[in-house]
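*Asks:* Prediction below, plus the sequence it came from.
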Amino acid sequence: MAQETPQQAPAGPAAPSAPARALLPLILPALVAGIGSSLLYLLVSGVAERLQGALWGALPDALGIGRYSVVWMLVMLTATGVLVGLVVWKVPGHAGPDPASLGLSAAPLSPAVLPGLLLATMLMLAGGPSLGPENPIIMANVALAFWLGRRLLPRLPESLWPALGEAA
């Protein structure tokens with residue numbers, strides 16, 4: 001005698017773990033984190049762009065040096081490295097820890113580190129050796145979202161703010 005086995009549901013994407021109604025209270029914090037992160041990036045990028053225009057345009061023109069001369073490039077890249085090194089060495093917080101030494105679930109940076117981190121990022125972008133502002137900007141966004149979110153909306157879980165900062 002053959003026995004029937006119960007039919008199993010076809011394999012496919014799992015149902016969302018949180019219904020839309022549960023996500024509604026997160027819309028405002030996500031918007032705040034996204035807007036704040038965008039404004040921070042625009043500020044850093046704008047300052048760096050103006051500084052870059054002065055260093056790579058107005059200054060060599062005023063000195064009568066070609067903007068693309070090997071000598072000017074060598075001077076600018078060396079000066080940028082020295083200035084970023086001085087910020088990392090002398091500015092309180094030292095522009096944060098070495099990102100290569102951090103794990104993906106490291107604690108958010110202290111707000112005291114952010115001025116040095118953002119200054120070093122602006123100098124790096126303006127000076128020419130743009131290694132990408134993604135990591136410093138993401139670190140700053142996570143720190144700001146975490147520290148401000150905890151103070152402005154303390155009833156939301158602390159683990160939410162770093163996630164919103166990274167997503168932003």
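*Replies:* All right, it came through fine.
*Asks:* C-alpha only now, for contacts and for neighbours.
*Replies:* Noted.
*Asks:* Need the mean per-residue confidence for stretch 107-118.
*Replies:* Stretch 107-118 shows a mean pLDDT of 91 in the predicted model.
*Asks:* element containing residue 142?
*Replies:* Assigned by DSSP states H and E, residue 142 belongs to helix 134-152.
*Asks:* Over to residue 45?
*Replies:* Element membership for residue 45, per DSSP H and E: helix 27-53.
*Asks:* any idea of the pLDDT on residue 18?
*Replies:* Predicted confidence (pLDDT) for residue 18: 60.
*Asks:* Then residue 2?
*Replies:* Residue 2 carries a pLDDT value of 57.
*Asks:* what does the helix or strand following the helix holding residue 45 contact?
*Replies:* Note on helix 27-53: by DSSP H and E, the next helix or strand toward the C-terminus is helix 59-63. Helix 59-63 is contacted from outside by 66, 67, 72, using C-alpha atoms under 8 Å, 6 or more residues apart in numbering.
*Asks:* Count the residues that sit near the nearest residue to residue 66 once chain neighbours are set aside.
*Replies:* Closest residue to residue 66 apart from its sequence neighbours, by C-alpha to C-alpha, 6 or more residues apart in numbering: residue 60 at 6.3 Å. When counting by other C-alpha atoms under 10 Å, one arrives at 16 neighbours for residue 60.
*Asks:* show me the contacts for residue 94.
*Replies:* Contacts of residue 94 (C-alpha under 8 Å, 6+ apart): 87, 88, 113, 116, 117.
*Asks:* In helices, which of these appear?
*Replies:* Within the contacts of residue 94, residues falling in helices by DSSP state H are 87, 88, 116, 117.
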